[in-house]
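*Asks:* Any chance you can model this:
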Amino acid sequence: MKLYIKNMVCIRCKMVVSQELRKLGIHYAVVNLGQVEILEEISAGQRGDLKYSLSRFGLELMDDKKSILIEKIKNVVIELVHYTDASLKTNFSNHLSENLSYDYTYLANLFSEVEGITIEHFIIIHKIERVKELLVYDELSLKEISYKLHYSSVAHLSNQFKKITGLTPSHFKKLKDYRRAGLVNLSSETGSQTSSF
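*Replies:* Purely as a prediction, here's the structure:
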């Protein structure tokens, strides 16, 4: 039996869900982003307890089929953008259709209707968040980031980044460096003040 969980978007979420299932004595086979495969039927009481325990962590046990499908779409995107380095062997619409066993047009229309944005825009938002994360880590050049996230060019990445954030990637990086320098100066000023006591 599968249970579907909303807002489960990271490895830490998977650990929390595993922990809560163990606390409630619910045996499971696999915990993936957005879903859990449990080994036996659970009672209404267990379901209620699980729903409550997950809600304390901002997670939600879902019953509605459309909501479950929307969450599955989001999880495929998140997995692809944040946790997969390999490039797709097919285009994203085919990848999504194959993973979820639905026609892409149906998925796209449902997603837009419920979320108020297109799947493509949702992907772009997540790609830009990933770019920000990689810029903050400061381990890869912009060219390497554009390659890693499968942009056709650095210019394409930069244009999309500016459209979403209002900043160029280099300006974003300077702001991050400026904030860090400000914190260093602040802590050194605080250190000099405390040393006078």
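
*Asks:* the strands in this structure, which residues?
*Replies:* Using DSSP state E, the strands found in the chain span residues 2-6, 28-32, 35-38, 60-62.

*Asks:* Give me the below-cutoff pLDDT ranges for this protein.
*Replies:* 88, 176-197 (pLDDT under 70).

*Asks:* Out of the strands of the chain, which one sits most buried?
*Replies:* Comparing the strands of the chain by mean neighbour count (mean count of other CB atoms under 10 Å), strand 2-6 comes out on top with a mean of 20. For glycine as for every other residue, the C-beta is placed from the backbone atoms N, C-alpha and C.

*Asks:* ok, back up a step: which one of the strands of the chain lies closest to residue 143?
*Replies:* Smallest distance to residue 143 across those (CB to CB): 32.9 Å, for strand 28-32.

*Asks:* Given that closest one, what are its sheet partners and their directions?
*Replies:* Partners of strand 28-32 in the sheet, by DSSP bridges, are strand 35-38 (antiparallel).

*Asks:* ok, back up a step: now the strands of the chain in TSV, with distance to residue 168?
*Replies:* Below are the strands of the chain laid out as TSV (distance: least, CB to CB, whole Å):
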stretch	distance to residue 168
strand 2-6	35
strand 28-32	36
strand 35-38	38
strand 60-62	37
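
*Asks:* how about those, which one is nearest residue 126?
*Replies:* Smallest distance to residue 126 across these (CB to CB): 16.5 Å, for strand 2-6.

*Asks:* Run the chain-centre distance for the closest one.
*Replies:* Averaging C-alpha positions (CA atoms, centre = their mean, to the nearest Å) puts strand 2-6 16 Å from its chain's average.
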